[in-house]
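Q: Dropping the sequence and predicted coords here.
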Amino acid sequence: MSDHAAVAGHKSHVAHEAHHHEELGFWRAYVFSTDHKVIGIQYAVTGLLFLLFGFSLMMLMRWQLAYPGAPLPLIGGLFGEARMPGGMMLPEFYNELGAMHGTIMVFLGVVPLAVGGFGNFVLPLQIGAPDMAFPRLNMASYWFFFLGGVTMLLSFFVPGGAAQSGWTSYAPLSIIAGTGQTMWLIGMIFLITSSLLGAINFITTTIQLRAKGLTFMRFPFFVWAQFVTAFLLLLAFPPLEAAGVMQLMDRVAGTSFFLPSGLVVSGQVLQHAGGGNPLLWQHLFWFLAHPEVYVLILPAMGIVAEIIANNTRKPLWGYRSMVYSLVFLGFMSFIVWAHHMFMTGMGTAMAAFFQTTTMIISIPSVVILTALIISLWGGSIRFNTPMLFATAFLPMFGIGGLTGLPLGLNVADIPLHDTYYVIAHFHYVVAPGTIFALFAGIYYWYPKATGRKMNETLGTIHFVGSFVCMNVVFMPMFLVGLAGVSRRLYDGGAAYDFAQPVLHWNVVSSWGAWIMALFQIPFIFNFFWSIRHGEKTADGNPWQATTIEWAAPSPPPHGNFLVEPQAYRGPYEYSVPGAAKDFVPQFEA
């Protein structure tokens, strides 16, 4: 496209957008929008705010773990005598913080950002679609998510406070807990409904609305990741939604799906004769929650693959193997759930089955990780901010995956179960793993959403500080966990003699978390400052990328593309021998 044509196209795009938004009005254009890009940004910003809130809850917990029984300086008195008398945290409030931190980070932060944010904004653009297949369903999906999040937050203000039964809401404790647990269940039902609506939309959009010439094996790896993730959401969430309704009935309607007969609470026998089974809740919960781990990690892998291919200036190594591994990973994620339940005494035959499937599911993860690492070999690597976060994802996810293998084996899991080792393993997968990939995606697609790049210097400061502090926070937890310290202790193990040699690591982890909070300030400033003052992208493709989303103007207009795109080749035609430039876009004939 010539410079003159590009300028003319940009002017017509600006005029068209102004007319479109004027026609719809503010509320329809920006609040109750059916445009996938606006909904994606709504999901992303809301998810980032929830991540910030969930991180803040964790910082309060880290004070209690580092300095148990010490009054919280400055803000301790703000939480009231019922939660922090004299600024000192009560065990009940610690349990609230723990349960809500896990729930908010997973269900209100990472999943909405990874699937709702990136999926909604990027996927239709990458397949050359004008919008999602069901725009109104898409809008409903966001507002169900929003209602679920608000319900969760309001639970902090009901008598007795928010949920205290962990992010897993294990029965029977969750059934006899306070009012906050009821609101937790209502919020979860909203969130699950949101995910189901989104999953139907992603699957239909990917199959039906892809551009001419875009066969399945020409999909960018990110599209494959979102496609498989949508199937996981569609198949795994209904059992938990049913379980959530049943647990809600146990709490408010006197049923006993998960409440056993003869349960004694505070010396009183509960008058329930239904003979419910608490283990049924665990099966239904983990049947969702193990695929949920891959709902977190697969979009992250997709983002990292896009950025590595772009910044090594070469095709992904083993693209087909990565795709087949992704599909196999999605399938296998449904038959490993009970490795979370070895402590329930399931018997040797069942334990052997779930140990075996857990070992098998590590293979496709290793294939994808290895392919991404080999893709770096021989590349002319550009270490911009997205690439820094993407390359850091690889060793961090590797540590998380390797440390998970012992937890898949019965003999090792039983002594490690519910210790800080499990916390460290899971967080290496999700925090320096998935969240680093999400930061990489924000820096990478920010120019597509705004027409401007984020500041590279601030981005580098954000990366270096976050990378160091993440490891300072979570690496010591392996040592604390191997010493046998339970994750549930509100004093971090201070009351136990066996924990004394490792208690100082709690202080190290806490200071790591608080310093890491400071390194998020450059990101927050950069995110908002760059909207108006960031470097403009002259041709709308600042990374010289090959995938179809870069055929649209930046930011894209209503309907996305000025001319209907067509795919002529695979997604990663970089450094093609004999080509005039080092990238040949999918959308150029």
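A: Thanks, I have it. This one's a predicted model, so the numbers in the text were calculated from it and none came from an experiment.
Q: could you list every residue that touches G540?
A: For G540, the contacting residues are P447, K448, G451, W550, A552, P553, S554, by Cβ atoms under 8 Å, 6 or more residues apart in numbering. Heads up, the C-betas are built off the backbone N, CA and C, glycines and all.
Q: All the strands of the protein, residue numbers only.
A: In the chain, the segments counted as strands under DSSP state E are 264-265, 268-269, 452-453, 535-536.
Q: Relative to H36, which of those is closest?
A: strand 452-453 (20.8 Å; Cβ to Cβ).
Q: What strands flank that closest one, and is each parallel or antiparallel?
A: strand 535-536 (antiparallel) (DSSP bridges).
Q: For this protein, which helix extends over the most residues?
A: The longest helix of the chain (DSSP state H) is helix 278-312.
Q: buried stuff in that helix?
A: For helix 278-312, a neighbour-count test (16 or more other Cβ atoms under 10 Å) marks 278-279, 281-312 as buried.
Q: any weak-confidence spans in the stretch 201-350 of the chain?
A: Judged against pLDDT under 70, the stretch 201-350 of the chain has no low-scoring part.
Q: picking up where we left off before, nearest to Q208 among the contacts of G540?
A: The nearest one, if we look at those relative to Q208 and count by Cβ to Cβ, is A552, at 19.2 Å.
Q: How about the backbone phi and psi for the closest one?
A: phi -80, psi 150 (degrees, to the nearest 10).
Q: That one is in contact with G559, isn't it?
A: No. At 9.3 Å, A552 and G559 do not qualify as touching, with contact defined as Cβ atoms under 8 Å.
Q: For these two, indicate the residue with more neighbours.
A: Set side by side, A552 and G559 show more neighbours around A552, with 24 against 14, by other Cβ atoms under 10 Å.
Q: give the contact list for that one.
A: A552 sits in contact with L125, K448, G540, N560, F561, L562, P565, where contact means Cβ under 8 Å, 6+ apart.
Q: Distance-wise, check it relative to Y572.
A: Between A552 and Y572 the distance, using Cβ to Cβ, to the nearest Å, works out to 19 Å.
Q: How many neighbouring residues does S174 have?
A: Residues near S174, counting by other Cβ under 10 Å: 24.
Q: Next one: it from A99, what distance?
A: Distance from S174 to A99, by Cβ to Cβ: 9 Å.
Q: anything in contact with each of those two?
A: A163, S165.
Q: circling back: can I get the strands of the chain in a markdown table with mean neighbour count?
A: Output for the strands of the chain, formatted as a markdown table (neighbours: other Cβ atoms under 10 Å):
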| stretch | mean neighbour count |
| --- | --- |
| strand 264-265 | 9 |
| strand 268-269 | 9 |
| strand 452-453 | 20 |
| strand 535-536 | 13 |
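Q: Between the ones you listed, which one is closest to L482.
A: Across the strands of the chain, closest to L482 is strand 264-265 (Cβ to Cβ), at 34.4 Å.
Q: Name the residues that touch the closest one?
A: In contact with strand 264-265 (Cβ under 8 Å, 6+ apart) are residues I176, L270.
Q: what are the pairing partners of it, and which direction each?
A: Strand pairing for strand 264-265, determined by DSSP bridges: strand 268-269 (antiparallel).
Q: what's in contact with the strand it pairs with?
A: G262, L263.
Q: distance between that strand and the chain's centre?
A: 42 Å (Cα atoms, centre = their mean, to the nearest Å).
Q: Next: stretch 128-143.
A: Distance, centroid of stretch 128-143 to centroid of chain: 20 Å (Cα atoms, centre = their mean).
Q: CA atoms only: put that stretch into CSV for me.
A: Below are the C-alpha coordinates for stretch 128-143, written out as CSV (Å, rounded to 0.1, in the frame of the first residue of the first chain):
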residue,chain,number,x,y,z
GLY,A,128,-9.8,-12.2,9.5
ALA,A,129,-13.3,-12.1,11.0
PRO,A,130,-15.4,-8.8,11.2
ASP,A,131,-16.6,-9.7,14.7
MET,A,132,-17.5,-12.6,16.9
ALA,A,133,-20.2,-15.0,15.6
PHE,A,134,-22.7,-14.0,18.4
PRO,A,135,-22.0,-10.3,19.4
ARG,A,136,-24.9,-10.0,21.8
LEU,A,137,-23.9,-13.3,23.5
ASN,A,138,-20.4,-11.8,23.7
MET,A,139,-21.7,-8.8,25.5
ALA,A,140,-23.8,-11.0,27.9
SER,A,141,-20.6,-13.0,28.6
TYR,A,142,-18.8,-9.9,29.9
TRP,A,143,-21.7,-8.7,32.0
